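A.B. asks: the sequence isn't on hand, but the structure is:
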(Lines give C-alpha, C1' and ligand atoms only; values in the text may rest on other atoms or scores of the structure.)
Protein backbone atom coordinates (compact mmCIF):
# COMPACT_ATOMS: atom_id res chain seq x y z
CA UNK A 1 0.00 0.00 0.00
CA UNK A 2 1.28 3.46 -0.93
CA UNK A 3 0.75 6.64 1.07
CA UNK A 4 1.48 10.33 0.61
CA UNK A 5 1.90 12.72 3.52
CA UNK A 6 0.87 16.38 3.29
CA UNK A 7 1.79 18.80 6.06
CA UNK A 8 0.22 22.23 6.02
CA UNK A 9 1.44 25.49 7.46
CA UNK A 10 3.18 28.63 6.27
CA UNK A 11 5.30 28.43 9.42
CA UNK A 12 6.69 25.09 8.20
CA UNK A 13 7.72 26.52 4.85
CA UNK A 14 9.38 29.51 6.50
CA UNK A 15 11.31 27.29 8.88
CA UNK A 16 9.84 28.75 12.07
CA UNK A 17 8.36 25.37 13.04
CA UNK A 18 10.04 22.01 12.54
CA UNK A 19 7.91 19.40 10.79
CA UNK A 20 7.97 16.57 13.31
CA UNK A 21 4.54 15.31 12.25
CA UNK A 22 5.69 13.96 8.90
CA UNK A 23 8.53 12.06 10.57
CA UNK A 24 6.21 10.48 13.11
CA UNK A 25 3.68 9.45 10.48
CA UNK A 26 6.37 8.01 8.20
CA UNK A 27 7.92 5.98 11.03
CA UNK A 28 4.55 4.64 12.09
CA UNK A 29 3.46 3.73 8.59
CA UNK A 30 6.76 2.04 7.73
CA UNK A 31 6.36 -0.12 10.82
CA UNK A 32 2.98 -1.23 9.48
CA UNK A 33 4.22 -2.08 6.02
CA UNK A 34 2.73 1.02 4.36
CA UNK A 35 5.09 2.59 1.83
CA UNK A 36 5.42 6.38 2.04
CA UNK A 37 6.09 7.52 -1.53
CA UNK A 38 5.97 11.30 -1.16
CA UNK A 39 5.92 14.05 1.45
CA UNK A 40 4.72 17.54 0.53
CA UNK A 41 4.46 20.74 2.54
CA UNK A 42 2.26 23.65 1.48
CA UNK A 43 1.24 27.00 2.92
CA UNK A 44 -2.16 27.82 4.41
CA UNK A 45 -3.72 28.52 1.02
CA UNK A 46 -6.87 26.69 -0.01
CA UNK A 47 -5.92 26.19 -3.66
CA UNK A 48 -2.46 24.84 -2.81
CA UNK A 49 -3.96 22.42 -0.30
CA UNK A 50 -6.65 21.31 -2.75
CA UNK A 51 -4.14 20.68 -5.54
CA UNK A 52 -1.52 18.79 -3.54
CA UNK A 53 -4.06 16.51 -1.82
CA UNK A 54 -5.88 15.84 -5.09
CA UNK A 55 -2.62 14.93 -6.81
CA UNK A 56 -1.63 12.70 -3.92
CA UNK A 57 -4.92 10.85 -4.10
CA UNK A 58 -4.50 10.35 -7.83
CA UNK A 59 -1.01 8.89 -7.36
CA UNK A 60 -1.37 6.83 -4.17
CA UNK A 61 -5.07 6.68 -3.33
CA UNK A 62 -4.28 7.32 0.34
CA UNK A 63 -3.19 10.66 1.84
CA UNK A 64 -2.67 11.71 5.45
CA UNK A 65 -2.89 15.47 5.97
CA UNK A 66 -1.88 17.38 9.11
CA UNK A 67 -2.57 20.99 10.01
CA UNK A 68 -5.12 23.66 9.19
CA UNK A 69 -8.04 22.28 11.21
CA UNK A 70 -8.20 25.02 13.82
CA UNK A 71 -10.86 27.72 14.27
CA UNK A 72 -9.01 30.68 12.72
CA UNK A 73 -9.21 32.18 9.23
CA UNK A 74 -6.02 30.51 8.03
CA UNK A 75 -7.37 27.04 8.87
CA UNK A 76 -8.73 26.07 5.45
CA UNK A 77 -7.69 22.42 5.10
CA UNK A 78 -11.12 20.97 5.79
CA UNK A 79 -12.98 22.99 3.19
CA UNK A 80 -10.22 22.55 0.57
CA UNK A 81 -10.21 18.76 0.88
CA UNK A 82 -14.02 18.61 1.09
CA UNK A 83 -14.18 20.08 -2.41
CA UNK A 84 -12.21 17.11 -3.76
CA UNK A 85 -14.86 14.74 -2.42
CA UNK A 86 -17.76 17.02 -3.43
CA UNK A 87 -18.79 17.00 0.23
CA UNK A 88 -20.08 20.35 1.53
CA UNK A 89 -19.49 21.19 5.18
CA UNK A 90 -22.41 20.47 7.50
CA UNK A 91 -22.82 21.15 11.21
CA UNK A 92 -22.47 18.08 13.40
CA UNK A 93 -24.76 18.87 16.34
CA UNK A 94 -23.36 16.08 18.52
CA UNK A 95 -19.79 17.28 18.12
CA UNK A 96 -20.83 20.89 18.73
CA UNK A 97 -22.51 19.87 21.98
CA UNK A 98 -19.40 17.91 22.95
CA UNK A 99 -17.22 20.97 22.32
CA UNK A 100 -19.45 23.21 24.43
CA UNK A 101 -19.45 20.70 27.28
CA UNK A 102 -15.67 20.45 27.20
CA UNK A 103 -15.23 24.21 27.38
CA UNK A 104 -17.62 24.30 30.33
CA UNK A 105 -15.83 21.42 32.08
CA UNK A 106 -12.48 23.21 31.86
CA UNK A 107 -14.11 26.45 33.11
CA UNK A 108 -12.87 28.45 30.17
CA UNK A 109 -16.07 30.42 30.00
CA UNK A 110 -18.44 30.33 27.03
CA UNK A 111 -17.04 28.65 23.95
CA UNK A 112 -15.78 31.28 21.45
CA UNK A 113 -17.96 31.59 18.38
CA UNK A 114 -14.97 30.76 16.16
CA UNK A 115 -14.74 27.25 17.63
CA UNK A 116 -18.16 26.47 16.22
CA UNK A 117 -16.51 26.00 12.82
CA UNK A 118 -14.69 22.95 14.20
CA UNK A 119 -18.03 21.16 14.44
CA UNK A 120 -18.57 21.65 10.70
CA UNK A 121 -17.45 18.52 8.87
CA UNK A 122 -17.58 17.34 5.24
CA UNK A 123 -20.81 15.50 4.60
CA UNK A 124 -20.25 11.76 4.93
CA UNK A 125 -16.89 12.12 6.71
CA UNK A 126 -16.17 10.02 9.77
CA UNK A 127 -15.15 12.00 12.84
CA UNK A 128 -12.05 10.76 14.67
CA UNK A 129 -12.53 11.94 18.28
CA UNK A 130 -9.71 14.08 19.63
CA UNK A 131 -9.65 14.08 23.46
CA UNK A 132 -6.54 16.30 23.51
CA UNK A 133 -7.88 19.27 21.54
CA UNK A 134 -10.88 20.89 19.95
CA UNK A 135 -10.21 19.91 16.32
CA UNK A 136 -11.40 16.39 15.44
CA UNK A 137 -9.64 14.18 12.97
CA UNK A 138 -11.57 13.33 9.82
CA UNK A 139 -11.67 10.26 7.55
CA UNK A 140 -12.96 10.99 4.05
CA UNK A 141 -13.45 8.06 1.70
CA UNK A 142 -14.92 8.00 -1.78
CA UNK A 143 -14.14 7.87 -5.47
CA UNK A 144 -11.00 10.07 -5.17
CA UNK A 145 -9.54 7.70 -2.53
CA UNK A 146 -9.02 8.08 1.21
CA UNK A 147 -7.94 11.34 2.85
CA UNK A 148 -7.24 11.34 6.58
CA UNK A 149 -7.13 14.81 8.13
CA UNK A 150 -5.34 15.23 11.46
CA UNK A 151 -4.62 18.29 13.64
CA UNK A 152 -1.21 19.90 13.32
CA UNK A 153 -0.50 20.05 17.07
CA UNK A 154 2.04 17.20 17.47
CA UNK A 155 0.68 15.54 20.61
CA UNK A 156 -2.88 15.71 19.25
CA UNK A 157 -1.77 14.29 15.91
CA UNK A 158 0.21 11.48 17.53
CA UNK A 159 -2.70 10.51 19.76
CA UNK A 160 -5.12 10.27 16.83
CA UNK A 161 -2.57 8.45 14.70
CA UNK A 162 -2.02 5.83 17.38
CA UNK A 163 -5.58 5.45 18.64
CA UNK A 164 -7.70 6.01 15.53
CA UNK A 165 -5.74 5.87 12.28
CA UNK A 166 -3.55 2.82 12.84
CA UNK A 167 -6.41 0.55 14.05
CA UNK A 168 -8.65 1.66 11.16
CA UNK A 169 -5.97 1.04 8.55
CA UNK A 170 -5.26 -2.37 10.02
CA UNK A 171 -8.96 -3.24 9.93
CA UNK A 172 -9.61 -1.69 6.53
CA UNK A 173 -6.59 -3.04 4.65
CA UNK A 174 -5.12 -5.75 6.86
CA UNK A 175 -1.77 -3.98 7.16
CA UNK A 176 0.54 -5.09 9.93
CA UNK A 177 0.49 -8.73 10.96
CA UNK A 178 2.67 -10.86 8.69
CA UNK A 179 3.10 -8.22 5.99
CA UNK A 180 6.56 -7.04 4.96
CA UNK A 181 7.58 -4.01 6.96
CA UNK A 182 10.39 -1.55 7.57
CA UNK A 183 11.21 -1.11 11.25
CA UNK A 184 13.85 0.61 13.32
CA UNK A 185 15.28 0.53 16.79
CA UNK A 186 17.46 3.18 18.42
CA UNK A 187 20.31 2.63 20.85
CA UNK A 188 21.39 5.77 22.73
CA UNK A 189 24.99 6.51 23.66
CA UNK A 190 26.77 9.40 25.32
CA UNK A 191 30.38 10.31 26.04
CA UNK A 192 31.50 9.19 22.59
CA UNK A 193 31.50 11.08 19.29
CA UNK A 194 29.80 9.90 16.11
CA UNK A 195 33.13 9.21 14.40
CA UNK A 196 34.54 7.33 17.39
CA UNK A 197 31.36 5.28 17.55
CA UNK A 198 31.70 4.42 13.86
CA UNK A 199 35.32 3.34 14.42
CA UNK A 200 34.25 1.22 17.37
CA UNK A 201 31.59 -0.63 15.39
CA UNK A 202 32.97 -0.47 11.86
CA UNK A 203 34.45 -3.97 11.75
CA UNK A 204 31.25 -5.51 13.11
CA UNK A 205 28.64 -4.04 10.76
CA UNK A 206 29.01 -6.87 8.26
CA UNK A 207 27.96 -9.39 10.92
CA UNK A 208 24.56 -7.77 11.32
CA UNK A 209 23.10 -9.46 8.26
CA UNK A 210 20.14 -7.49 6.89
CA UNK A 211 20.22 -4.78 9.58
CA UNK A 212 21.60 -1.40 8.52
CA UNK A 213 23.23 1.09 10.88
CA UNK A 214 22.88 4.87 10.90
CA UNK A 215 24.89 7.16 13.16
CA UNK A 216 22.87 10.12 14.42
CA UNK A 217 24.79 12.77 16.40
CA UNK A 218 22.61 14.62 18.91
CA UNK A 219 25.08 17.06 20.45
CA UNK A 220 24.72 15.50 23.90
CA UNK A 221 25.34 12.02 22.51
CA UNK A 222 25.10 9.85 19.43
CA UNK A 223 22.15 7.63 18.59
CA UNK A 224 22.62 4.40 16.70
CA UNK A 225 19.65 3.61 14.46
CA UNK A 226 19.16 -0.06 13.54
CA UNK A 227 16.83 -0.63 10.57
CA UNK A 228 15.48 -3.66 8.75
CA UNK A 229 13.94 -3.10 5.34
CA UNK A 230 11.05 -4.89 3.67
CA UNK A 231 11.01 -8.04 5.80
CA UNK A 232 8.10 -10.02 7.33
CA UNK A 233 6.94 -8.29 10.49
CA UNK A 234 7.50 -11.33 12.71
CA UNK A 235 11.09 -11.56 11.46
CA UNK A 236 11.77 -7.83 11.85
CA UNK A 237 11.73 -7.88 15.65
CA UNK A 238 13.96 -10.96 15.77
CA UNK A 239 16.55 -9.35 13.49
CA UNK A 240 16.54 -6.08 15.47
CA UNK A 241 16.84 -7.89 18.81
CA UNK A 242 19.72 -10.00 17.52
CA UNK A 243 21.56 -6.89 16.27
CA UNK A 244 20.98 -5.16 19.60
CA UNK A 245 22.37 -8.13 21.52
CA UNK A 246 25.48 -8.17 19.33
CA UNK A 247 26.15 -4.44 19.70
CA UNK A 248 25.60 -3.87 23.42
CA UNK A 249 28.82 -5.59 24.55
CA UNK A 250 30.74 -3.42 22.08
CA UNK A 251 29.10 -0.19 23.23
CA UNK A 252 29.89 -0.92 26.87
CA UNK A 253 29.39 2.03 29.25
CA UNK A 254 28.60 4.43 26.39
CA UNK A 255 25.16 2.83 26.02
CA UNK A 256 22.48 4.14 28.37
CA UNK A 257 19.08 3.32 26.86
CA UNK A 258 16.83 2.85 23.87
CA UNK A 259 14.49 4.92 21.72
CA UNK A 260 13.82 8.38 23.19
CA UNK A 261 14.76 7.70 26.81
CA UNK A 262 16.34 10.64 28.64
CA UNK A 263 19.57 10.04 30.53
CA UNK A 264 18.00 11.80 33.54
CA UNK A 265 15.31 9.12 33.64
CA UNK A 266 17.94 6.38 33.52
CA UNK A 267 19.80 7.90 36.48
CA UNK A 268 16.63 8.42 38.51
CA UNK A 269 15.53 4.84 37.91
CA UNK A 270 18.91 3.54 39.12
CA UNK A 271 18.78 5.75 42.21
CA UNK A 272 15.24 4.73 43.08
CA UNK A 273 16.06 1.04 42.66
CA UNK A 274 18.88 1.46 45.19
CA UNK A 275 16.87 3.63 47.57
CA UNK A 276 19.22 6.59 47.06
CA UNK A 277 18.51 10.32 46.98
CA UNK A 278 20.16 12.90 44.69
CA UNK A 279 21.05 16.56 45.14
CA UNK A 280 22.52 18.96 42.58
CA UNK A 281 24.76 22.04 42.71
CA UNK A 282 24.97 24.10 39.51
CA UNK A 283 26.91 27.14 38.42
CA UNK A 284 27.34 27.54 34.65
CA UNK A 285 24.30 25.39 33.83
CA UNK A 286 22.07 27.72 35.82
CA UNK A 287 19.42 25.13 36.75
CA UNK A 288 19.44 23.28 33.44
CA UNK A 289 20.42 19.99 35.09
CA UNK A 290 17.71 20.38 37.72
CA UNK A 291 15.19 21.05 34.96
CA UNK A 292 16.27 17.87 33.15
CA UNK A 293 15.74 15.84 36.31
CA UNK A 294 12.41 17.35 37.34
CA UNK A 295 11.04 16.98 33.81
CA UNK A 296 10.87 13.23 34.52
CA UNK A 297 7.58 12.11 36.04
CA UNK A 298 8.09 10.73 39.53
CA UNK A 299 11.43 12.48 40.01
CA UNK A 300 10.55 13.31 43.63
CA UNK A 301 11.06 9.65 44.55
CA UNK A 302 14.83 10.10 44.12
CA UNK A 303 15.53 13.84 43.82
CA UNK A 304 15.85 15.82 47.03
CA UNK A 305 16.68 19.26 45.65
CA UNK A 306 19.28 21.52 44.12
CA UNK A 307 21.05 24.86 44.39
CA UNK A 308 22.04 27.27 41.61
CA UNK A 309 25.22 28.96 42.87
CA UNK A 310 26.15 31.26 40.04
CA UNK A 311 28.26 33.79 41.94
CA UNK A 312 31.25 33.13 44.15
CA UNK A 313 29.32 34.59 47.09
CA UNK A 314 26.49 32.11 46.62
CA UNK A 315 28.93 29.19 46.50
CA UNK A 316 30.32 30.36 49.82
CA UNK A 317 26.93 31.14 51.41
CA UNK A 318 24.82 28.24 50.13
CA UNK A 319 27.35 25.40 49.93
CA UNK A 320 30.04 26.34 52.42
CA UNK A 321 32.84 26.62 49.83
CA UNK A 322 35.79 28.25 51.57
CA UNK A 323 36.57 31.75 50.25
CA UNK A 324 40.28 30.91 50.31
CA UNK A 325 39.72 27.94 47.99
CA UNK A 326 38.01 30.14 45.42
CA UNK A 327 40.68 32.83 45.76
CA UNK A 328 43.50 30.33 45.34
CA UNK A 329 42.11 28.10 42.58
CA UNK A 330 39.31 30.07 40.93
CA UNK A 331 35.60 29.23 40.74
CA UNK A 332 36.21 26.85 37.82
CA UNK A 333 38.53 24.31 39.41
CA UNK A 334 38.68 20.83 40.82
CA UNK A 335 38.92 22.10 44.36
CA UNK A 336 35.79 24.22 44.07
CA UNK A 337 33.64 21.62 42.31
CA UNK A 338 34.60 19.03 44.95
CA UNK A 339 33.63 21.47 47.68
CA UNK A 340 30.35 22.13 45.86
CA UNK A 341 29.40 18.47 45.56
CA UNK A 342 30.24 17.82 49.21
CA UNK A 343 28.37 20.92 50.30
CA UNK A 344 25.18 20.13 48.44
CA UNK A 345 25.19 16.50 49.60
CA UNK A 346 25.52 17.72 53.20
CA UNK A 347 22.87 20.40 52.80
CA UNK A 348 20.24 17.99 51.44
CA UNK A 349 21.51 14.95 53.36
CA UNK A 350 21.78 12.83 50.21
CA UNK A 351 23.95 9.85 49.43
CA UNK A 352 24.52 10.97 45.82
CA UNK A 353 25.17 14.40 44.33
CA UNK A 354 26.31 16.18 41.17
CA UNK A 355 28.10 19.53 40.91
CA UNK A 356 29.00 21.60 37.84
CA UNK A 357 31.08 24.75 37.43
CA UNK A 358 32.47 26.09 34.17
CA UNK A 359 32.95 28.84 31.60
CA UNK A 360 30.04 28.81 29.14
CA UNK A 361 31.16 31.92 27.28
CA UNK A 362 31.24 33.70 25.02
CA UNK A 363 33.60 35.66 27.31
CA UNK A 364 35.45 34.81 30.51
CA UNK A 365 38.00 32.39 29.09
CA UNK A 366 41.76 32.49 29.36
CA UNK A 367 44.72 30.56 27.96
CA UNK A 368 44.69 28.25 30.97
CA UNK A 369 40.90 27.98 31.13
CA UNK A 370 39.40 28.55 27.69
CA UNK A 371 35.70 28.97 27.06
CA UNK A 372 34.10 25.55 27.35
CA UNK A 373 36.19 24.48 30.35
CA UNK A 374 33.92 22.66 32.79
CA UNK A 375 34.62 20.84 36.04
CA UNK A 376 32.16 18.11 37.04
CA UNK A 377 31.95 16.20 40.30
CA UNK A 378 29.74 13.40 41.50
CA UNK A 379 29.33 11.48 44.75
CA UNK A 380 27.97 7.98 45.21
CA UNK A 381 27.82 5.97 48.45
CA UNK A 382 31.27 4.47 47.94
CA UNK A 383 33.06 6.97 45.76
CA UNK A 384 33.65 10.55 44.68
CA UNK A 385 35.02 11.74 41.33
CA UNK A 386 35.87 15.05 39.68
CA UNK A 387 36.68 15.44 36.00
CA UNK A 388 37.68 18.32 33.73
CA UNK A 389 36.32 18.58 30.20
CA UNK A 390 36.50 21.23 27.50
CA UNK A 391 33.36 21.37 25.37
CA UNK A 392 33.28 22.98 21.91
CA UNK A 393 30.41 25.07 20.61
CA UNK A 394 28.44 28.09 21.75
CA UNK A 395 27.03 28.90 25.15
CA UNK A 396 23.85 26.82 24.89
CA UNK A 397 25.74 23.76 23.62
CA UNK A 398 28.29 23.99 26.43
CA UNK A 399 25.55 24.18 29.05
CA UNK A 400 23.57 21.27 27.58
CA UNK A 401 26.66 19.09 27.25
CA UNK A 402 27.69 19.93 30.81
CA UNK A 403 24.32 18.80 32.18
CA UNK A 404 24.50 15.58 30.16
CA UNK A 405 28.07 14.91 31.26
CA UNK A 406 27.16 15.42 34.92
CA UNK A 407 24.37 12.86 34.65
CA UNK A 408 26.65 10.46 32.80
CA UNK A 409 29.40 10.76 35.40
CA UNK A 410 27.02 9.70 38.17
CA UNK A 411 25.48 6.97 36.00
CA UNK A 412 28.87 5.37 35.39
CA UNK A 413 29.75 5.51 39.08
CA UNK A 414 26.48 3.77 39.92
CA UNK A 415 27.21 1.12 37.28
CA UNK A 416 30.60 0.40 38.85
CA UNK A 417 29.02 0.05 42.30
CA UNK A 418 26.27 -2.20 40.92
CA UNK A 419 28.88 -4.43 39.24
CA UNK A 420 30.89 -4.60 42.43
CA UNK A 421 27.78 -5.54 44.38
CA UNK A 422 27.00 -8.38 41.97
CA UNK A 423 30.52 -9.78 42.32
CA UNK A 424 30.43 -9.92 46.12
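C.D. replies: Perfect, thanks for sending it. Model, not experiment: these values are computed from the prediction.
A.B. asks: distance check, residue 195 against residue 187.
C.D. replies: Separation of residue 195 from residue 187 (CB to CB, to the nearest Å): 17 Å. C-betas here are computed from N, CA, C, even on glycine.
A.B. asks: who has more neighbours, those two?
C.D. replies: Higher neighbour count among residue 195 and residue 187: residue 187, with 21 against 11, using other CB atoms under 10 Å.
A.B. asks: residues in contact with that one?
C.D. replies: 223-224, 226, 244, 247-248, 251, 255, 258 (CB atoms under 8 Å, 6 or more residues apart in numbering).
A.B. asks: let me know the next secondary structure element after the host helix or strand of it.
C.D. replies: For residue 187, the enclosing helix or strand under DSSP states H and E is strand 180-189. With elements assigned by DSSP H and E, the helix or strand that comes after strand 180-189 is helix 194-201.
A.B. asks: residues in contact with that following helix?
C.D. replies: Contact with helix 194-201 is made by 189, 192, 213, 215-217, 222, 224, 247, 250-251, 254, as judged by CB under 8 Å, 6+ apart.
A.B. asks: how far is that helix from where the chain is centred?
C.D. replies: On the basis of CA atoms, centre = their mean, to the nearest Å, helix 194-201 sits 23 Å off its chain's mean C-alpha point.
A.B. asks: any idea where the strands of the stretch 51-200 of the chain begin and end?
C.D. replies: With DSSP state E, counting those that start in this stretch as the criterion, the stretch 51-200 of the chain has strands at 62-66, 89-91, 120-122, 126-128, 137-142, 145-150, 180-189.
A.B. asks: look up how far residue 54 lies from the residue positioned nearest the centre of the chain.
C.D. replies: Centroid-nearest residue in the chain: residue 260, 5.6 Å away (criterion: CA atoms, centre = their mean). Separation of residue 260 from residue 54 (CB to CB): 35 Å.
A.B. asks: same deal with residue 362?
C.D. replies: Distance from residue 362 to residue 54, by CB to CB: 51 Å.
A.B. asks: which of those two has more neighbours?
C.D. replies: A direct count of neighbours by other CB under 10 Å for residue 362 and residue 54 places residue 54 higher, at 19 against 10.
A.B. asks: was I right to think that one contacts residue 144?
C.D. replies: Yes: with contact defined as CB atoms under 8 Å, residue 54 reaches residue 144; the gap is 7.0 Å.
A.B. asks: mutual contacts of those two, please.
C.D. replies: With CB under 8 Å, 6+ apart as the test, residue 54 and residue 144 both reach residue 84.
A.B. asks: in which helix or strand would I find the closest residue to residue 205 other than its chain neighbours?
C.D. replies: Using CB to CB, 6 or more residues apart in numbering and skipping the chain neighbours, the partner closest in space to residue 205 is residue 213 (5.7 Å). Using DSSP H and E, the element containing residue 213 is strand 211-217.
A.B. asks: check which helices and strands the next helix-or-strand element following that strand sits against.
C.D. replies: As assigned by DSSP H and E, the chain's next helix or strand after strand 211-217 is strand 222-232. Contacts defined by 3 or more CB pairs under 8 Å, 6 or more residues apart in numbering; DSSP states H and E place strand 222-232 against strand 180-189, helix 194-201, strand 211-217, helix 233-251.
A.B. asks: please redo it, this time with the cut-off set to 6 Å
C.D. replies: strand 180-189, strand 211-217, helix 233-251 (3 or more CB pairs under 6 Å, 6 or more residues apart in numbering; DSSP states H and E).
A.B. asks: looking at these, spot the one closest to residue 340.
C.D. replies: strand 180-189 (27.7 Å; CB to CB).
A.B. asks: who does the closest one pair up with?
C.D. replies: If you go by DSSP bridges, strand 180-189 pairs up with strand 222-232 (antiparallel), strand 255-258 (antiparallel).
A.B. asks: okay, those strands in a markdown table with mean pLDDT next?
C.D. replies: Shown next, in a markdown table, are those (pLDDT from 0 to 100):
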| stretch | mean pLDDT |
| --- | --- |
| strand 222-232 | 90 |
| strand 255-258 | 97 |
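A.B. asks: returning to what we had before: just the buried ones from the contacts of residue 187?
C.D. replies: Neighbour-count burial (16 or more other CB atoms under 10 Å) applied to the contacts of residue 187 gives 223-224, 226, 244, 247, 251, 255.
A.B. asks: specify which member of the residues you listed is nearest to residue 316.
C.D. replies: residue 255 (39.5 Å).
A.B. asks: for the closest residue to residue 224 other than its chain neighbours, name its beta-bridge partners.
C.D. replies: Nearest non-adjacent residue to residue 224, counting by CB to CB, 6+ apart: residue 187, 4.4 Å away. Note on residue 187: beta-bridge partners residue 224, residue 258, judged by DSSP bridges.
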